[in-house]
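Undergrad: A structural model of the following input is requested.
(one chain, ligands or ions: 1)
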Amino acid sequence: MSVVPEQFTRAMARVPGPVVVATTVDRAGRRWGFTASSFSSLSIAPPLVLVCLGKSASTHAAFAGADFFMINILAEEQADIARCFARSGVDRFAAGDTLPMELGLPGIPNAAARVACAMDRIVDGGDHSILIGRVEATFAGEDAPLVYCDRSFQRPVALDAARYV
Ligand SMILES: Cc1cc2nc3c(=O)[nH]c(=O)nc-3n(C[C@H](O)[C@H](O)[C@H](O)COP(=O)(O)O)c2cc1C
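TA: Numbering: from 1, shown residues only. Alright, predicted model coming up:
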């Protein structure tokens, strides 16, 4: 039985995910970045994370050839930055949302968190590549993280602890 793509994506849209901006710098010093919700931690020892990047994305060649990359986990007030780094055919860095941060990579100040990685390996994942990073530096901020669910940006809401513990 084959799954209809629209049914698959509608089901997956129900899965809440983080909103991150992955960045890297190529050998010519040019910056690259894209918005992603397919970010996850993978291993504690060694510390590994992953993010999936579409093979047809304009950023794919740069990330496939990168030795290092940064994952900026966006805070709830940073949905505009998420939209900017998902926009096609524009200079995503023109607004000046990033500064050189951990490992000298483009970082977003006041992000909910950042993880700077060395590229560990790239695994084939259908029409996406799975970029696996070995974490070399981290930053954990104070602001609540942005959430993507049902095709919209949302903020996490804490449940009444007394009712759910
Ligand atoms: C909330 C959100 C989550 C996204 N998640 C991913 C993702 O996990 N992987 C991915 O390859 N593209 C993802 N995208 C799309 C990319 O940000 C970008 O639009 C896409 O790579 C096409 O860009 P291009 O113009 O560089 O080809 C997401 C976009 C948004 C707005």
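Undergrad: tell me the average confidence for stretch 55-70?
TA: Confidence for stretch 55-70, expressed as mean pLDDT, is 98.
Undergrad: what are the buried residues along that stretch?
TA: By neighbour count on 16 or more other C-beta atoms under 10 Å, the buried set for stretch 55-70 is 57, 59-60, 62-63, 66, 68-70. For glycine as for every other residue, the C-beta is placed from the backbone atoms N, C-alpha and C.
Undergrad: can you tell me which of those are in helices?
TA: Among these, the members found in helices (DSSP state H) are 60, 62-63.
Undergrad: next to the ligand, which bits of the chain? Give me the list.
TA: 19, 34-38, 52-54, 57-59, 82, 86, 88, 148 (C-beta under 6 Å from any ligand atom).
Undergrad: all helices of this protein, in order?
TA: All helices of the chain, identified by DSSP H, fall at 5-12, 60-64, 79-84, 161-164.
Undergrad: for the buried residues of stretch 55-70, which one is nearest the ligand?
TA: Nearest to the ligand, judged by C-beta to the nearest ligand atom, of the buried residues of stretch 55-70 is Ala57 at 3.5 Å.
Undergrad: what's that closest one sitting at in phi/psi?
TA: Main-chain torsions, Ala57, degrees, to the nearest 10: phi -70, psi 150.
Undergrad: close enough to count as contact, it and Trp32?
TA: No - judged on C-beta atoms under 8 Å, Ala57 makes no contact with Trp32 at a distance of 9.8 Å.
Undergrad: what subset of the residues of the chain next to the ligand is buried?
TA: Among those, those scoring as buried are 19, 34-38, 52-54, 57, 59, 82, 148 (criterion: 16+ other C-beta under 10 Å).
Undergrad: possible to save these as a markdown table with distance to Ala111?
TA: Formatted as a markdown table, these follow (distance: C-beta to C-beta, whole Å):
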| residue | distance to Ala111 |
| --- | --- |
| Val19 | 10 |
| Phe34 | 15 |
| Thr35 | 13 |
| Ala36 | 14 |
| Ser37 | 15 |
| Ser38 | 17 |
| Cys52 | 20 |
| Leu53 | 19 |
| Gly54 | 23 |
| Ala57 | 21 |
| Thr59 | 19 |
| Ala82 | 11 |
| Tyr148 | 15 |
